[in-house]
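Asks: the sequence and its predicted three-dimensional model are supplied below.
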Amino acid sequence: METTLLTPREVDLLLQYPAGRTSRLTLDAKIPHVTLPNGEIRIDQREIDKMLARRDTPAGSMEVPDAR
């Protein structure tokens, strides 16, 4: 299975976050990520799929990182 890594900006767009929120959440360790040797951040597409699936569950059971 191939892993797709997304940029923070791509995640912002998928989750409809304001620009920069995903970067802040990764720095606060609220979104699992990998840091490339050049310092860039990437997020595994499967982690975002899990967040989107939780977002579609009934209210009260949703786990989306705090907004800033």
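Replies: Noted; the coordinates are in hand. Numbering: from 1, shown residues only.

Asks: which parts of this structure are strands?
Replies: Taking DSSP state E as the criterion, the chain contains strands spanning 5-6, 34-35, 41-44.

Asks: export those strands to a markdown table and tack on distance to Ala19, mean neighbour count and mean pLDDT?
Replies: C-betas here are computed from N, CA, C, even on glycine. What follows is those, written out as a markdown table (distance: least, C-beta to C-beta, whole Å; neighbours: other C-beta atoms under 10 Å; pLDDT from 0 to 100):
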| stretch | distance to Ala19 | mean neighbour count | mean pLDDT |
| --- | --- | --- | --- |
| strand 5-6 | 14 | 16 | 97 |
| strand 34-35 | 20 | 11 | 96 |
| strand 41-44 | 14 | 19 | 97 |
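
Asks: which among those is found nearest to Thr57?
Replies: Comparing the strands of the chain by their distance to Thr57 (C-beta to C-beta), the top pick is strand 41-44, with 20.4 Å.

Asks: quick one: the helices in the protein?
Replies: If you assign secondary structure with DSSP state H, the helices in the chain sit at 8-15, 21-27, 45-55.

Asks: tell me the most buried of these?
Replies: Each of the helices of the chain was scored by mean neighbour count; the highest is helix 21-27, a mean of 19, by mean count of other C-beta atoms under 10 Å.
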